[in-house]
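Trainee: Pasting a predicted model and its sequence here:
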Amino acid sequence: MNPPARVNAALQGEGTLDAELLDAFSEVLSYPAEDVRLALAGALRARGAQLSRLEVRTGAWRLDLETAVLKAVSCSIVTTLVLQGLGADSIPASVLSIVTPFLFELERVDVAADDVWVHARLFDAAQGDFVHLRELYQRLPPDVRAELSERDFLGVVERLQAARLIVIGPDGMRILPRPAGKGFRLLLT
């Protein structure tokens with residue numbers, strides 16, 4: 001499994017925590033392996049696991065963790081290193097990894113190819129305006145409405161809102177442009 005896929009799986013609580021996963025975190029986040037190991041140790045300590053210096057070392061090793069713990073530890077590693085990269089480097093990584101699980105939660109939002117197509121049509125239909133749900137559906141071209149029931153449309157809108165591609169305000173919703181590039185976005189709210 002390639003490094004981005006391995007990290008993504010760990011953020012969902014899938015797989016095992018081993019040296020290869022830490023190398024994947026190091027490659028994907030562009031951080032030295034030692035920083036990733038420090039973030040891991042702090043994240044495990046935050047969950048009550050006491051590790052000796054020999055339990056996480058170079059070479060082959062593996063920790064069997066429950067799904068929820070693997071997900072929480074993986075999220076802590078990412079948020080710790082991202083905060084460090086944002087300039088919180090005056091705080092030691094071990095402290096950041098203990099604090100970050102209480103401040104952030106990483107959430108994966110899948111947007112299907114069909115949703116991306118509908119998003120593009122919605123973006124054109126809304127023309128940058130704030131529009132209410134029913135009006136936005138009516139602004140879609142007839143061929144799109146023929147393929148997309150109102151119930152399915154609502155599901156697409158919910159997924160796009162979860163992906164932060166739709167902002168809802170008192171005057172309706174505004175469709176935001178799709179960000180350039182692929183990968184993940186870290187949204188701090």
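Mentor: Happy to help now that I have it. Source: prediction; values computed, not measured. Residues are numbered from 1 along each chain as shown.
Trainee: measure the residue located most distally from the centre of the chain to residue 148 for me?
Mentor: The outermost residue of the chain relative to its centre, with distances by C-alpha atoms, centre = their mean, is residue 142 at 34.5 Å. Distance of residue 142 to residue 148, computed by C-beta to C-beta, to the nearest Å: 11 Å. All C-beta spots, glycine's among them, are computed from the backbone N, C-alpha and C.
Trainee: now for stretch 130-141, what's the gap between its first and last residues?
Mentor: Chord length of stretch 130-141, first to last residue, is 18 Å (C-alpha to C-alpha, to the nearest Å).
Trainee: Outside of that stretch itself, list whatever touches it.
Mentor: Contact with stretch 130-141 is made by 121-122, 125-126, 145, 148, 150, 153-154, 157, 169, 171-175, as judged by C-beta atoms under 8 Å, 6 or more residues apart in numbering.
Trainee: In helices, which of those residues appear?
Mentor: Of the contacts of stretch 130-141, the ones assigned to helices by DSSP state H are 121-122, 125-126, 145, 150, 153-154, 157.
Trainee: Am I right that residue 5 falls within a helix?
Mentor: Yes - looking at residue 5 with DSSP: H, G, I helix; E, B strand; the rest coil, it is inside a helix.
Trainee: I'd like the distance between it and residue 44.
Mentor: 23 Å.
Trainee: Neighbour count for these two, which is higher?
Mentor: Neighbour count, other C-beta atoms under 10 Å: between residue 5 and residue 44, residue 44 has more, with 23 against 12.
Trainee: Give the burial count for the closest residue to residue 144 other than its chain neighbours, as a bare number.
Mentor: Nearest residue to residue 144, sequence neighbours excluded (C-beta to C-beta, 6 or more residues apart in numbering): residue 121, at 5.3 Å. A count of nearby residues for residue 121, using other C-beta under 10 Å, gives 17.
Trainee: dump the residue contacts of residue 121.
Mentor: 140-141, 144 are the contacts of residue 121 under C-beta under 8 Å, 6+ apart.
Trainee: host element of the residue nearest to residue 4 when sequence neighbours are not counted?
Mentor: Spatial nearest neighbour of residue 4, chain neighbours left out: residue 28 (5.5 Å); criterion: C-beta to C-beta, 6+ apart. Following DSSP states H and E, one finds residue 28 within helix 19-29.
Trainee: Against residue 24, how distant is residue 16?
Mentor: 12 Å.
Trainee: Between the two, point out the one with more neighbours.
Mentor: residue 24 (23 against 13).
Trainee: Any quick ChimeraX command for the buried ones out of the contacts of residue 121?
Mentor: Applied in ChimeraX, the following selects the buried portion of the contacts of residue 121 according to 16 or more other C-beta atoms under 10 Å:
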select :140,144
